[in-house]
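S.K.: With the sequence up front, the predicted model follows.
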2 protein chains.
Amino acid sequence: MRTLGIDPGTRVMGYGIVDAVGNSLKHVDNGGIFTDSADPLNKRLKVIYDEICGIIQQYRPDVISIEDVFYHKNIKSALKLGHSRGVAILAGTNAGLDIFEYTPTAIKSAVVGYGRAEKGQVQQMIKVLLKLPEVPQADAADALAAAICHINTAGTTNRRKMNEMR
Amino acid sequence: MRTLGIDPGTRVMGYGIVDAVGNSLKHVDNGGIFTDSADPLNKRLKVIYDEICGIIQQYRPDVISIEDVFYHKNIKSALKLGHSRGVAILAGTNAGLDIFEYTPTAIKSAVVGYGRAEKGQVQQMIKVLLKLPEVPQADAADALAAAICHINTAGTTNRRKMNEMR
């Protein structure tokens, strides 16, 4: 099973692809979709949508695991983040993929064993778990963590398919 | 010039198409895209995206005028609204349309002459301005108002193209 993890963001949207091979994890790729804050919103949303469509086409994941967001600093940035997350979910849905959501706490717990872990701890654990030559960029690490969270919660009640969510 | 006005919403997304013919306004169509709150988010976003793509294909508007949102009751609903508004903007952008944004105050002022007008007043004025046989549904009226706002602010500094926004 190949999982595309997504860490939603307006400036940087992290992505990470992980294969579950038997009981082990295999890193496929990771990176970030960067948008220019000097660009208008419609252009930035199209960049995110097109890039995620491209990643799906290139790597053919079986499912998407995306971080659930229900808290944010303020209304304005929450609205902005919603725009980006919406087009990312749409890209997956238009490709016919099932989408699973996990809270930041569940994702951190899945990789560090502690729901309130720091970003740096997540990056370090991702490096170890996926046997990477170096620590991945923070947003990409969060996306890889989302993918691992999905793989590791297979068959548990923590797994929340978006089709089962409201 | 044909303008597609959009009133973004998660449960109902209003739309309204208005032609500017010389100095007069001509109503073309209006309605709402309804999504079922019992459906998962990804399905609802796909419904909104597909419906707006269909409306654009059917009516071939020249531009989109969409209500700008920067305030909301709470973070959770702001995030949700952001998802819906994001896929609506993406549908217009993927069709190559220019997108203009107006604040709720500017839209109300454009049709009622008063930025804090009630929903009912907007509906009544839309009926009069567009010579409709009956009062349109509230979300559709707001969408028609967004279209009229765009038409009426042509050449003024109130016109804010998304390409010129951050």
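M.R.: Looks like it came in fine.

S.K.: roughly how far apart are A:Phe34 and chain B?
M.R.: 16 Å (Cβ to the nearest Cβ, to the nearest Å). Just so you know, the C-beta spots here come from the backbone N, C-alpha and C atoms, and that holds for glycine as well.

S.K.: what about that residue, how many neighbours?
M.R.: Burial measure for A:Phe34: 15 neighbouring residues, criterion other Cβ atoms under 10 Å in any protein chain shown.

S.K.: How many residues are close by the nearest residue to it once chain neighbours are set aside?
M.R.: In space, and not counting its chain neighbours, A:Phe34 is closest to A:Val12: 5.5 Å by Cβ to Cβ, 6 or more residues apart in numbering or on different chains. Neighbourhood size, A:Val12 [other Cβ under 10 Å]: 17.

S.K.: What distance do you get for A:Val12 to A:Lys73?
M.R.: 16 Å (Cβ to Cβ, to the nearest Å).

S.K.: Then A:Asp142?
M.R.: Taking Cβ to Cβ, one finds A:Asp142 at 17 Å from A:Lys73.

S.K.: Comparing the two, which residue is more hemmed in?
M.R.: A:Asp142 (27 against 9).

S.K.: tell me the contacts of the more buried one?
M.R.: Neighbour list for A:Asp142: A:5, A:7, A:14, A:67, A:107, A:119, A:122 [criterion: Cβ atoms under 8 Å, 6 or more residues apart in numbering or on different chains].

S.K.: mind running it again at 7 Å?
M.R.: Going by Cβ atoms under 7 Å, 6 or more residues apart in numbering or on different chains, A:Asp142 touches A:7, A:14, A:67, A:122.

S.K.: Dump those into CSV; add pLDDT as well.
M.R.: Shown next, in CSV, are the contacts of A:Asp142 (pLDDT from 0 to 100):
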residue, pLDDT
A:Asp7, 96
A:Gly14, 97
A:Glu67, 93
A:Val122, 95
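
S.K.: which one of those residues sits closest to chain B?
M.R.: A:Glu67 (12.1 Å; Cβ to the nearest Cβ).

S.K.: So what sits opposite the closest one in the bridge?
M.R.: With DSSP bridges as the criterion, A:Glu67 is bridged to A:Tyr102.

S.K.: now A:Gly31
M.R.: The partner residues for A:Gly31, given DSSP bridges, come to A:Tyr15.

S.K.: Surely it is in contact with A:Tyr15?
M.R.: Yes: using Cβ atoms under 7 Å, A:Gly31 is in contact with A:Tyr15, at 6.0 Å.

S.K.: Skipping adjacent residues, who's closest to the residue of chain A at minimum distance from chain B in space?
M.R.: Nearest residue of chain A to chain B, counting by Cβ to the nearest Cβ: A:Gly82, 1.9 Å away. Excluding the flanking residues, the one nearest A:Gly82 by Cβ to Cβ, 6+ apart is B:Gly82, at 1.9 Å.

S.K.: Checking the most far-flung residue of chain A relative to its centre next. Helix, strand or coil?
M.R.: If you look at how far each residue of chain A sits from its centre, by Cα atoms, centre = their mean, the farthest one is A:Ala38, at 24.3 Å. Following DSSP: H, G, I helix; E, B strand; the rest coil, A:Ala38 is assigned to coil.

S.K.: where does it fall, phi/psi-wise?
M.R.: Dihedral angles of A:Ala38 (phi, psi; degrees, to the nearest 10) stand at phi -80, psi -10.

S.K.: one step back: in terms of neighbours, single out the busier of A:Gly31 and A:Tyr15.
M.R.: A:Tyr15 (29 against 18).
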